[in-house]
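Student: Whatever this is, show me its structure:
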Amino acid sequence: MDRDLNKVAIRPKAQRVFHTLLEENPRLKDILKNAESADQAREAMEAWAKELINKSKPASDFLFKDIDKRVAFEKLNWQDKAAIRLYDYIQHTGRRIQDPSLFLAEESVLDPFGIMWEAFKTGRGGAMYYFYLDMLYLFRQLNGTLKEEKPTLDKVRNWMDRHPSGLEDDILKEHNKNRDRILSVFLRKMESGEINDPKYNYDQSKSFEENLQNARDVWWNDRVFHLKFAARTPELIDELLDHSLNKETLSIMQDAKDAGIPFFVNPYYLSLISVDHTEHVGADLPIRDYIFYSRQLVDEFGEIQAWEKEDIVEPGKPNAAGWILPSQHNVHRRYPEVAILIPDTVGRACAGLCSSCQRMYDFQSGHLNFNLDKLQPNEKWSDKLKRLMQYFEEDSQLRDILITGGDALMSSDRSLKHILDEVYQMALRKRKANEQRPEGDKYAEMVRIRLGTRLPIYLPQRITPELIEILSEFKQKAAKIGFKQFVIQTHFESAMEVTPVVKQGVERLISAGWTVTNQQVFTTAASRRGHTAKLRKVLNDIGVLTYYTFSVKGFMENSHNFATNERAMQEQQEEKLLGKIPEEEYDTIRSFPVNAENMISQIEKLRNKLNIPFLATDRNVLNLPGVGKSLTYRVIGVTRFGKRVLEFDHDHTRTHSPIIEKMGKFYIVESKPIGQYLEELEEMGEDINEYLSVYGYSIGETEHRMPIYEYPEYDFEMTGKMTNLEIG
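Tutor: Coordinates of the predicted model:
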């Protein structure tokens, strides 16, 4: 039997916030007091909202005029944004929103002012503390009590200084100490006979210290060692971390093991975790939250659904974006210009499982796993690869191939070279076929190749001279047939991951003429003040350009790591602004990939010229559950629990499948209230008073893409026809 939540009494903590809200806003109190029904209260609120909108030309233009929304957005002041939210709350009253994380479907009915009227008249209404907290700050923004105070440059720099990098001396000493401890555990097991391996063994004729020195000098620099001795059980992970894990973490890890979630943490990456008291308390939290699974993930495992619906593929049938694909697991596609290739090789695996992995549902099904020996390529893959390349060759719009997985660099040198050779041959055939097509009918030719990999961070020992030779040779020959952009697309989460061996690996990749770009996932730990800004700076220092900063996607399984989209907008407007690049320098940055070998000096020269600590070349986005990426949203409601409901539109600054014209907008219930998010930051040692303006970021507009990431123009007229597309 459905419960009438309007009859549920509100608790004392929520009641106190509600009373504060009414005392601070006499007009709101009068509306609720004088209204004889919830409908009358809503009507009075609507009149107030329209009054505010009509007084502000920027607000009315943003809402009602067909103009560039990003330009209009930048003209809004703080009170405008509050007035627009008030207006949107009224317009969407009664809307029912599906929230997959809820047990009570009633909570997804939007009626904030009806709820408050009920609470005022009867002390009921069913709303919780976070709901009233969110409403309190909405009205504080409206009446000027919550101010938009952009931090000074010095303040942002101070925030950045809170977060060390893995290149700093004290962190280096700690990592080396961790390395020796981890190696000692394995050596003791070898000495006792618990571990028997023909290649990695304890030399009984030498002292323990001599064995340890050999392990430091040889084994630690060998990627095979790290893969072979990756920790696959909670017990071993805890042992390698000197039994420092608390009872709760161990319990969750054991439950994760029982639920079938795999563990795979290599010794090198585990050495980045602090186990001793250090002045940099919490510096490794973003790393910990990638290794250690949350209670929510464990509880949801087995029921996890694909967030991006276009990743659900049936060969011969169009996916959610309308694309017909040649393989269920090997090719994914959202946009006309680019498709993802996932090889049937070891490249389908990773050097570690990230807890927020977008393909967790594939680990759930067993399609992705860490049985590396069983993922070796075979003769059938060679035939299949040719067929997959034919798909790219015969598509009218594809010009960009992203080879990922898993992880593109988990493939052996031989497998990777084979894939790159097939890509080259495909691009060459596509180019030659165009010679027979008239102007206006020519197909897109391949201009960009990307390798998606986290190995430069997880396992930098993989970046060998032999790999660099393969990449360099491919670039030299592929550049002659039209490829202009060669990109290693990687995934640094924290400046703590930038260590000397990582720096060396990145420098090697750059020396091959490939541009290294980064995609950070904006987790709760990574969303702390100054953290992402510091990461941008440290990455620029070693020659890496930032590409995307992703909001955490997914349903309840990722709620622990979810930082609200409002915090992403706050970071963009208050911290990333420190690295803003003026338009007059766009041509400069556009030319960076042409001389990718000199990326470090190019970045440094421009930073010095602009006197900024980093180049803000990344865009804040969320991968939508429908098609594409965007951070164009409006907060159109708040649930009784206090979760915000966001209405997302597509990023109209880039080309999409025509299907988006039929899709309309997407509605997403954030997986936690802002108040709960701030409490989690407080648990991490943060002062939440530094974050309170986050409540005011109720509107997002996707940033324009930096010219460096635009596709180069063709010197011929291309067809407008889209192949491999079926829209009903």
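
Student: so what's Asn371 scoring on pLDDT?
Tutor: According to the predicted model, the pLDDT of Asn371 comes to 71.

Student: how close does it sit to Phe264?
Tutor: For Asn371, the distance to Phe264 (CB to CB, to the nearest Å) stands at 10 Å. For glycine as for every other residue, the C-beta is placed from the backbone atoms N, C-alpha and C.

Student: again with Trp48
Tutor: Plainly put, Trp48 is 56 Å away from Phe264 if you go by CB to CB.

Student: so what's Ala427 closest to, chain neighbours aside?
Tutor: For Ala427, the nearest residue in space outside its immediate sequence neighbours is Met446; the separation is 3.9 Å by CB to CB, 6 or more residues apart in numbering.

Student: so the one you found makes contact with Phe483?
Tutor: Yes: with contact defined as CB atoms under 8 Å, Met446 reaches Phe483; the gap is 6.1 Å.

Student: so what sits against both of these two?
Tutor: Here Met446 and Phe483 have Ala427 as joint contacts, going by CB atoms under 8 Å, 6 or more residues apart in numbering.

Student: which regions of the stretch 1-150 of the chain lie under the pLDDT threshold?
Tutor: 1-3, 99-108 (pLDDT under 70).

Student: With the stretch 501-650 of the chain instead?
Tutor: Within the stretch 501-650 of the chain, no stretch falls below the threshold (pLDDT under 70).

Student: Walking through it, point out its helices one by one.
Tutor: 531-541, 565-574, 586-590, 599-610 (DSSP state H, counting those that start in this stretch).

Student: Please pull up the helix or strand immediately following the longest helix along the chain.
Tutor: With DSSP state H setting the assignment, residue counts place helix 169-192 as the longest helix in the chain. Scanning forward in sequence from helix 169-192 by DSSP states H and E, the next helix or strand is helix 208-217.

Student: Tell me the helices and strands packed up against that next one.
Tutor: helix 169-192 (3 or more CB pairs under 8 Å, 6 or more residues apart in numbering; DSSP states H and E).

Student: who's more crowded, Asn371 and Phe264?
Tutor: Set Asn371 next to Phe264 and count neighbours by other CB atoms under 10 Å: Phe264 wins out with 19 against 10.

Student: and the residue lying closest to the more buried one once chain neighbours are set aside, how many neighbours?
Tutor: The spatial neighbour of Phe264 that comes closest, neighbours along the chain excluded (CB to CB, 6+ apart), is Phe370 at 4.4 Å. Counted with other CB under 10 Å, residues neighbouring Phe370 total 18.

Student: In terms of helices and strands, where is Phe370?
Tutor: Here Phe370 sits in a region with no helix or strand, counting by DSSP H and E.

Student: residues touching it, list them.
Tutor: With the criterion set at CB under 8 Å, 6+ apart, Phe370 makes contact with Ala230, Arg232, Pro262, Phe264, Ala349, Cys350, Leu353.

Student: thought the third one was touching Cys354?
Tutor: No: taking CB under 8 Å as the definition, Pro262 is not a contact partner of Cys354, at 11.9 Å.

Student: So for the two, which residue has more residues nearby?
Tutor: Counted by other CB under 10 Å, Pro262 and Cys354 do not tie: Cys354 has more neighbours, with 19 against 14.

Student: if we can go back for a sec, for the residue nearest to Ala427, which three-state class applies?
Tutor: Using DSSP: H, G, I helix; E, B strand; the rest coil as the criterion, the local structure at Met446 reads coil.

Student: so what's it scoring on pLDDT?
Tutor: pLDDT, the model's per-residue confidence, is 98 for Met446.

Student: which residues does it contact?
Tutor: Contacts of Met446 were listed using CB under 8 Å, 6+ apart, and they are 392, 398-401, 423, 426-427, 430-431, 481-483.

Student: and if you look at Ser396?
Tutor: Ser396 makes contact with Tyr443, Ala444, Thr719, Lys721, Met722, Thr723 under the criterion CB under 8 Å, 6+ apart.

Student: ditto for Lys384
Tutor: Contacts for Lys384 (CB under 8 Å, 6+ apart) come out as Ser327, Asn330, Asp344.

Student: so which of the residues you listed is the most crowded?
Tutor: Counting neighbours by other CB under 10 Å, Asn330 leads these with 22 neighbours.

Student: which residues touch it?
Tutor: Residues touching Asn330, when contacts are defined by CB under 8 Å, 6+ apart, comprise Leu341, Ile342, Pro343, Asp344, Lys384, Leu388.

Student: Just give me the neighbour total for Tyr586.
Tutor: A count of nearby residues for Tyr586, using other CB under 10 Å, gives 14.

Student: Tell me how far it lies from Thr617.
Tutor: Computed with CB to CB, the distance linking Tyr586 and Thr617 is 11 Å.

Student: Common neighbours of these two, please.
Tutor: Overlap of the contact sets of Tyr586 and Thr617 (by CB under 8 Å, 6+ apart) consists of Met706.

Student: rewinding a little: for the longest helix of the chain, which helices and strands make contact with it?
Tutor: Under the contact rule (3+ CB pairs under 8 Å, 6+ apart), helix 169-192 is packed against helix 208-217, helix 234-240, helix 267-270.

Student: and the nearest residue to Glu149 once chain neighbours are set aside, how far is that from Asn565?
Tutor: The spatially closest residue to Glu149, leaving aside those adjacent along the chain, is Ser693, at 6.9 Å (CB to CB, 6+ apart). The gap separating Ser693 from Asn565 is 15 Å, by CB to CB.

Student: What of Arg462?
Tutor: Taking CB to CB as the measure, Arg462 falls 34 Å from Asn565.

Student: now stretch 215-226, how far from the centre of its chain.
Tutor: Per CA atoms, centre = their mean, to the nearest Å, the displacement of stretch 215-226 from the mean C-alpha position of its chain is 31 Å.

Student: Nearest approach to Val638 belongs to which of the helices of the stretch 501-650 of the chain?
Tutor: helix 565-574 (11.7 Å; CB to CB).

Student: which other helices and strands contact that closest one?
Tutor: Judged by 3+ CB pairs under 8 Å, 6+ apart, helix 565-574 is in contact with strand 515-522, strand 545-551, strand 619-623, helix 674-683, strand 699-700.

Student: can you rerun that using 7 Å?
Tutor: Here helix 565-574 touches strand 545-551, strand 619-623, going by 3 or more CB pairs under 7 Å, 6 or more residues apart in numbering; DSSP states H and E.

Student: Which strands and helices lie in contact with the first one?
Tutor: Which is strand 545-551. Strand 545-551 sits against strand 515-522, helix 531-541, helix 565-574, strand 619-623, with contacts defined as 3+ CB pairs under 7 Å, 6+ apart.

Student: what angle sits between the longest one and helix 565-574?
Tutor: Comparing the axes of helix 531-541 and helix 565-574 via axes from the mean of the first three to the mean of the last three CA atoms, to 10 degrees yields an angle of 50 degrees.
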